[in-house]
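1. Sequence first, predicted coordinates after that:
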Amino acid sequence: MKKILVTGALGQIGSELITKLRSIYGDSNVIATDIRVDNQIAEQGPFELVDVTDEQRIFQVAKDYQVDTVMHLAALLSATAEKMPKRAWDINMGGLMNTLEVARELNLQFFTPSSIGAFGPSTPKDNTPQDTLQRPTTMYGVNKVSGELLCDYYFQRFGVDTRGVRFPGLISYVTPPGGGTTDYAVEIYYEAVNNKSYTSYIAEGTYMDMMFMPDALDAIVQLMEADPAKLIHRNAFNISAISAEPMDFARAIQAHIPEFNLTFNVDPIRQGIAESWPNRIDSSVATAEWGFKANYDIDRMTKEMLEKISSKVNL
Ligand code: AKB
């Protein structure tokens, strides 16, 4: 049985991952941490205030609860990181380094997500291979590539059991993302339900990888439970479920809301980031090494997103 500390537990991934982990490993075995308190998560099980730039505090909480695993999610996303690059470096790299050090000192299994943002304009755009050119042009991308290398280093140099995936844009109806380039793919569903129209800041024809949150959560659990003997890569596995551009979402939504109307008002910063990322990455190495499989395509995800958001609106 695992005992897991999760940083950034109130973020888009964390808020759903905590619930899933608690259902698998038991409420008291999942220690949610963040820089602010959320009563619902805190009532369900252990919760501690932890700022990931404070290594001593991470160490203390990990030691007090005698955890054997840390899942490090706290990070600034791509668009926010572009607005404040120095702060992004401090939080994304400082937080990762601190958490890896705690994992080394206490011999913890370690998970952290990388991203499709770890690729850049010179990366092959279609069927992007697992091992390829990575020269990202954003601060977020620089952080993610450095993080991938740092996790490999901690495994090779110190034997820390580091594992990770490159997440695409994650789509969910529980906690909205904040400050990402792929956030439009969540906003479009809320606007479809509330206003039957959406103005996209990403241009028509711009493809990016996406995934519905339940597939992302399954992938984390599956990778952490995978037989280490089968893992050749360990960190930064490409995983994707959907390659889509704004019109693909519009068409999927129109199957349920025919009057839905999509217009465009492109944001040059986020459009520039999106254009530097792949159209569709190849997940076959993750499938071969630990059995990754996505269950949701865009149509199945759209049906569930619209149903769940409508039921929240009609409460
Ligand atoms: C972002 O858009 O910054 C994130 C990501 C793809 O890593 N959703």
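-> Sure thing, it's come through.

2. Please enumerate the helices of the stretch 201-315 of the chain.
-> 213-225, 246-254, 268-275, 284-290, 298-313 (DSSP state H, counting those that start in this stretch).

3. Can you add mean neighbour count and mean pLDDT and give those helices back as TSV?
-> C-beta: built from backbone N, CA, C; applies to glycine. Formatted as TSV, the helices of the stretch 201-315 of the chain follow (neighbours: other C-beta atoms under 10 Å; pLDDT from 0 to 100):
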stretch	mean neighbour count	mean pLDDT
helix 213-225	19	98
helix 246-254	20	98
helix 268-275	18	98
helix 284-290	18	98
helix 298-313	17	95
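
4. which stretch among these comes nearest Tyr201?
-> helix 268-275 (5.6 Å; C-beta to C-beta).

5. list the helices and strands that closest one packs on?
-> helix 78-83 (3 or more C-beta pairs under 8 Å, 6 or more residues apart in numbering; DSSP states H and E).

6. Tell me which residues of the helix it packs on come out buried.
-> Buried residues in helix 78-83, defined by neighbour count with 16 or more other C-beta atoms under 10 Å: 78-82.

7. What of stretch 102-113?
-> Buried, per 16+ other C-beta under 10 Å, within stretch 102-113: 102-104, 106, 108-113.

8. now stretch 113-129
-> 113-120, 123, 125, 128.

9. Equivalent analysis for stretch 44-54, please.
-> Quick answer for stretch 44-54 (16+ other C-beta under 10 Å): 45-48, 50-52.

10. if I look at the nearest residue to Ile91 once chain neighbours are set aside, how far off is the ligand?
-> Spatially, and ignoring its direct neighbours in sequence, Ile91 is nearest to Leu76 (5.5 Å; C-beta to C-beta, 6 or more residues apart in numbering). From Leu76 across to the ligand, the span is 9 Å (C-beta to the nearest ligand atom, to the nearest Å).

11. Pull the contacting residues for Leu76.
-> 84, 87-88, 91-92, 140, 179 (C-beta atoms under 8 Å, 6 or more residues apart in numbering).

12. quick one on the thing from earlier: dump the buried residues of helix 78-83 into TSV; add pLDDT and distance to Ile281 as well.
-> Formatted as TSV, these follow (pLDDT from 0 to 100; distance: C-beta to C-beta, whole Å):
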residue	pLDDT	distance to Ile281
Ser78	97	16
Ala79	97	20
Thr80	97	23
Ala81	98	20
Glu82	97	21
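
13. could I get those as JSON lines with distance to the ligand?
-> Shown next, in JSON lines, are the buried residues of helix 78-83 (distance: C-beta to the nearest ligand atom, whole Å):
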{"residue": "Ser78", "distance to the ligand": "3"}
{"residue": "Ala79", "distance to the ligand": "6"}
{"residue": "Thr80", "distance to the ligand": "8"}
{"residue": "Ala81", "distance to the ligand": "8"}
{"residue": "Glu82", "distance to the ligand": "9"}
